[in-house]
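Engineer: sequence-free structure coming up:
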């Protein structure tokens, strides 16, 4: 049986966080095979390109991710038109129902993630149905729990259990990430998997949520960005 490979698809590069070189080295130390470095501005991606070499030297696969936090649906559509074919992963922070519905419906979005404190009001049956149809991935970030008082942590865990229990039953793909921008907040795959197991109450699905599921997303998107991709189910095999 091949060795399980682990991924953290949400390591944030911010001005307030640690240098990306430190984050990359820590990810390798923790045992990840793949990470995604995320930014909220597409223009910052150019600064990250040289980090691919560091990842190669360490034996760590690095993908790039754009986190969109649109103020309205029109902004979201604009960003998707502009950037979809330029980056491996596009994630949308769904802070209200309007953004959540548009993001869940649009197949150009890969990942939706939420504020767990108001998630119950957004992640209703309508949202679930759209996510099933589009095939999007729903992400849970450990950073939502860190540095929160115990009463808020308990409420967040309760909200996630209710929402993701339904998502699991309906076959929606779930991934767990650190959402960290500092090495002190990063966690090993085993710890992320333990959090996933607590929330979704399924050990195998919890392991997959930090390994095969995020790996599958990145692999599929890289194929879509390749020169032979035409549309889902159609690609160029040979050129005459």
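Structural biologist: Great, that's in hand. All figures in this text were calculated on a predicted structure; none of them were measured in a lab.

Engineer: in this structure, which spans are helices?
Structural biologist: 20-30, 45-48, 51-58, 73-83, 97-105, 125-134, 150-169, 189-200, 203-208, 212-225 (DSSP state H).

Engineer: worst average pLDDT in these?
Structural biologist: If you rank those by mean pLDDT, helix 45-48 sits at the bottom with a mean of 86.

Engineer: who's in contact with that helix?
Structural biologist: For helix 45-48, contacts defined as C-beta atoms under 8 Å, 6 or more residues apart in numbering pick out 13, 20, 37, 39, 64, 66, 87. For glycine as for every other residue, the C-beta is placed from the backbone atoms N, C-alpha and C.

Engineer: the fourth one: what's it in contact with?
Structural biologist: Okay, so that is residue 39. Counting by C-beta under 8 Å, 6+ apart, residue 39 makes contact with 12, 13, 45, 48, 64, 65, 66, 67.

Engineer: what is the burial count for residue 42?
Structural biologist: Number of residues near residue 42 (other C-beta atoms under 10 Å) recorded here: 15.

Engineer: how about a markdown table for the contacts of helix 45-48, with distance to residue 196 added?
Structural biologist: What follows is these, written out as a markdown table (distance: C-beta to C-beta, whole Å):
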| residue | distance to residue 196 |
| --- | --- |
| 13 | 24 |
| 20 | 25 |
| 37 | 22 |
| 39 | 25 |
| 64 | 24 |
| 66 | 24 |
| 87 | 26 |
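
Engineer: residue 5 touches residue 211, doesn't it?
Structural biologist: Yes. If you go by C-beta atoms under 8 Å, residue 5 and residue 211 touch, sitting 6.1 Å apart.
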